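Visitor: Fold the following, please.
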Amino acid sequence: MAVCNCGYTHAGCYEWLRGTRSKVEWYNAVWDNWNLRKHRFMGWLIAHNSLHTNSRLKSYGMDVDGLCFLCGLADETQQHLFFACAYSRRVLQSLTVCTGLKLPETDILHWCVHNPGLKIQIGVKTALVISTMYQV
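Guide: Predicted structure coming up:
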């Protein structure tokens, strides 16, 4: 790293341009090395409530139905897709039966962050949950 006599550093300039930001709670759950890259990206979209669901695509003016592709009973929002859709609930419930995990009813990323256990256990549990959400 080059430093001039006036105290300027490239890293210092970069930090100044970027600004200071606090680390968000879900960061470690989403960007953990146990997750595949495509799962990390989807976890990031989930954390920002930015998945391209049918209802979101319809709001953009696209010619889509807007109903959930899996159950066809309600608008396909992110909340519906992971917590209200009968199909995805069965998938997540089967994950809990197979692994013994006790998943929450609403905020899975919050659960991933506050799930107790050794670091390796937390990593594996989080990777299982995020990869399951990706598959749904």
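Visitor: what's the longest helix in the protein?
Guide: In the chain, with assignment by DSSP state H, the single longest helix is helix 119-135.
Visitor: in that helix, what's buried?
Guide: Ile122, Gly123, Lys125, Thr126, Ala127, Leu128, Val129, Ile130, Ser131, Thr132, Met133, Tyr134 (16 or more other Cβ atoms under 10 Å). Every residue, glycine included, has its C-beta placed from N, CA and C.
Visitor: hang on, isn't the last one packed against Met42?
Guide: Yes: contact status for Tyr134 versus Met42: in contact at 4.9 Å, counting by Cβ atoms under 8 Å.
Visitor: What are the contacting residues of the one helix or strand in the chain whose mean pLDDT sits lowest?
Guide: Using mean pLDDT, DSSP states H and E, the weakest-scoring helix or strand in the chain turns out to be helix 108-114, at a mean of 81. By Cβ atoms under 8 Å, 6 or more residues apart in numbering, the residues outside helix 108-114 that reach it are 25-26, 28-30, 43, 46-47, 82, 103-104, 122, 125-126, 129-130, 133.
Visitor: could you redo the last one with a cut-off of 6 Å?
Guide: Glu25, Trp26, Ala29, Ala47, Pro104, Thr126, Val129 (Cβ atoms under 6 Å, 6 or more residues apart in numbering).
Visitor: Most neighbours among these, which one is it?
Guide: Within the contacts of helix 108-114, neighbour counts (other Cβ atoms under 10 Å) peak at Ala29, which reaches 28 neighbours.
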